[in-house]
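[1] Sharing a model prediction with you, sequence too.
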Amino acid sequence: MKGLLIVISAPSGTGKTTLVNMLMKSHPDMAFSVSCTTRKPRPGEINGKDYYFISLEEFEKKIEKNELLEWAEVYGNFYGTPKDRVIKALNEGKDILLDIDTQGALQVKKNYPDAVLIFILPPSLAELERRLKSRGTEDEETVEKRLLIARRELKFATRYDYIIINDKINEAYKKLESIVTAERWKTRRVREHFPELIKDREMLQLLNCK
Ligand code: ADP
Ligand code: 5GP
């Protein structure tokens, strides 16, 4: 079956990385799009796994060579999705997940209307602030900047196909998994694979009648 292009966005600190990691762990068949960024790595981040950490010059070259599916400036750094990995996964019938910001997500939807856009919401702005601070990876000024941008990003949530409120992590995860399953079984995605999926010849004939 043709793979799904799944795009997940959320204001920084909502819990998107946590949810994406849970999904990737229980779906090893799913590919994750590793983005390029000009941001410096955080402690524990691995080049090639979390991001490809590159210079601004290298990033600009990728734009020039049309190697990025989408790109955007987020929090003063550049981020972009390498095109080759996404196209390869979809052609191989693999689902691929993109963890990108709202500007990038809307660019993807414009070029690939079939993409599934999921927005993760925090239960409240106060809880978002608490999570950002408790993660302890950003200084006070960066936290403030991210909270300001969060307010801007929330305005785009209703343009997504699905919204998940990440209050209790396990409940949010169940919703995420249900969305992926439902999308995989959409009639328009499944019908071209009837011959592989349905072994009963008579039923297959009936299904193929208009
Ligand atoms: P994001 O990728 O959206 O920036 P993270 O996944 O890094 O966010 O989560 C931010 C912080 O909030 C982390 O410390 C994480 O453990 C915590 N967190 C994530 N989801 C929940 C939740 N449902 N309830 C409480 N804390 C959460
Ligand atoms: P962080 O620096 O916290 O890892 O990510 C900051 C923001 O950049 C997040 O909203 C994340 O989704 C977004 N981001 C990460 N990779 C990409 C990308 O390739 N393209 C775009 N447009 N945004 C990205």
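    Cool, the structure landed. Residues are numbered from 1 along each chain as shown. Ligands and ions are numbered 1, 2, ... in the order given.

[2] Give me the below-cutoff pLDDT ranges for the chain.
    Under the criterion pLDDT under 70, the flagged ranges of the chain are 1, 209-210.

[3] And the residue of it closest to ligand 2?
    Going by CB to the nearest ligand atom, ligand 2 is nearest to G104 of the chain, at 2.4 Å. For every residue, glycine as well, the C-beta is placed using N, CA and C.

[4] which residues sit in contact with that residue?
    G104 makes contacts with V7, S9, E70, W71, A72, Y79, G80, T81, L98, as judged by CB atoms under 8 Å, 6 or more residues apart in numbering.

[5] Could you do K49 as well?
    K49 is in contact with V34, counting by CB under 8 Å, 6+ apart.

[6] my hunch is that it is in a strand, does that hold up?
    No: read with DSSP: H, G, I helix; E, B strand; the rest coil, K49 is coil and lies in no strand.

[7] Among the contacts of G104, name the ones that also lie close to ligand 2.
    S9, E70, W71, A72, Y79, G80, T81 (CB under 6 Å from any ligand atom).

[8] K62 contacts F78, doesn't it?
    No: with contact defined as CB atoms under 8 Å, K62 does not reach F78; the gap is 9.5 Å.

[9] Touching both of those two, which residues are there?
    With CB under 8 Å, 6+ apart, K62 and F78 have common neighbours C36, W71.

[10] Among the contacts of G104, which one lies nearest to ligand 1?
    Ligand 1 has its nearest neighbour among the contacts of G104 in S9, at 9.2 Å by CB to the nearest ligand atom.

[11] So what's the residue count around that closest one?
    23 (other CB atoms under 10 Å).

[12] Show me what it is bridged to.
    Beta bridges link S9 to F119 when assigned by DSSP bridges.

[13] need the contact list for it.
    Contacts of S9 by CB under 8 Å, 6+ apart are 16, 99-102, 104-105, 117-120, 153, 156, 160.

[14] if we can go back for a sec, with distance to ligand 1 as added columns, please give the contacts of G104 in JSON lines.
    Below are these laid out as JSON lines (distance: CB to the nearest ligand atom, whole Å):
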{"residue": "V7", "distance to ligand 1": "14"}
{"residue": "S9", "distance to ligand 1": "9"}
{"residue": "E70", "distance to ligand 1": "18"}
{"residue": "W71", "distance to ligand 1": "19"}
{"residue": "A72", "distance to ligand 1": "16"}
{"residue": "Y79", "distance to ligand 1": "13"}
{"residue": "G80", "distance to ligand 1": "18"}
{"residue": "T81", "distance to ligand 1": "16"}
{"residue": "L98", "distance to ligand 1": "13"}
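
[15] Just those: which are in strands?
    V7, S9, E70, W71, A72, Y79, G80, T81, L98 (DSSP state E).

[16] what residues does stretch 64-84 touch?
    Contacts with stretch 64-84, where a contact means CB under 8 Å, 6+ apart, come from 12, 33-39, 52, 56, 59, 62-63, 86, 98, 100-101, 103-104, 107-108, 111, 142, 145-146, 149.

[17] Show me where this protein has its helices.
    For the chain, helices defined by DSSP state H occupy the ranges 16-26, 56-64, 83-91, 102-111, 125-135, 140-154, 169-184, 187-190, 194-197, 201-208.
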